[in-house]
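Asks: 3D, please:
(one chain, ligands or ions: 1)
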Amino acid sequence: MYSEKVMDHFKNPRNVGEIDNASGVGTVGNAKCGDIMRIFLDIDEDGIIQDVKFKTFGCGAAVATSSMATELVKGKTIQEALQVTNKAVMEALDGLPPVKVHCSLLAEEAIHAALWDYAQKNGIQIEGLEQPKNDISEEEEEEDY
Ligand code: FES
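Replies: Coordinates of the predicted model:
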């Protein structure tokens, strides 16, 4: 039921962890299942994403999609990272079963939330970026999971 790529990223997820003093951190919750995703971005002065890590309290599909999403945004500009939609991530993984499509939204939304956090910290506006509606960064800031 899962593609080989999904199984590979689920078994060997890339970029798991945290970044100290990250440029932006985003935490989002999935309204359907209650799972949580946190993304850390390290963005340099040229607006290039130098590093990205994720931590999740989510299912296997969430792990695989976040792993792929972090691979796709690493080394990219902010604008390029905004193009990494859940659809692009699913395509890169050769698809997901329909019941798992909502899981892939966690990574996209967490990246957007981390970019939103970065923009707030630096007093800038990122064209085309809106605050993700499932952003729970405010409440969860100090919570560890
Ligand atoms: Fe919650 Fe997949 S079931 S993220």
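Asks: Three-state assignment for the nearest residue to Met7 once chain neighbours are set aside, please.
Replies: Closest residue in space to Met7, ignoring its immediate chain neighbours: Ala64 at 7.7 Å, by CB to CB, 6 or more residues apart in numbering. All C-beta atoms are positioned from the backbone trio N, CA, C, and that covers glycine. Following DSSP: H, G, I helix; E, B strand; the rest coil, the label given to Ala64 is helix.
Asks: please report how far Ala64 lies from the ligand.
Replies: 10 Å (CB to the nearest ligand atom, to the nearest Å).
Asks: same deal with Gln125?
Replies: When distance is defined by CB to the nearest ligand atom, Gln125 is 30 Å away from the ligand.
Asks: kindly report the same for Val16.
Replies: Separation of Val16 from the ligand (CB to the nearest ligand atom): 15 Å.
Asks: count residues in the vicinity of that residue, would you?
Replies: The local packing of Val16 (other CB atoms under 10 Å) involves 14 other residues.
Asks: who's it bridged to?
Replies: Counting by DSSP bridges, Val16 forms beta bridges with Phe54.
Asks: quick one, what contacts it?
Replies: By CB atoms under 8 Å, 6 or more residues apart in numbering, the contact set of Val16 is 53-55, 67.
Asks: pipe those into CSV and attach neighbour count per row.
Replies: Listed next are the contacts of Val16 as CSV, based on neighbours: other CB atoms under 10 Å:
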residue, neighbour count
Lys53, 20
Phe54, 27
Lys55, 18
Ser67, 26
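Asks: just to revisit the earlier point, and the residue nearest to Met7, what does it touch?
Replies: Applying CB under 8 Å, 6+ apart, the residues near Ala64 are 2, 5-7, 9-10, 13, 93.
Asks: next: Lys53.
Replies: Per CB under 8 Å, 6+ apart, neighbours of Lys53: 15-19, 39-40, 70.
Asks: one more pass at 10 Å, please.
Replies: Residues counted as contacts of Lys53 (CB atoms under 10 Å, 6 or more residues apart in numbering) are 14-19, 22, 25, 38-42, 66, 70, 74.
Asks: in helices, which of these appear?
Replies: Judged by DSSP state H, these include 66, 70 as members of helices.
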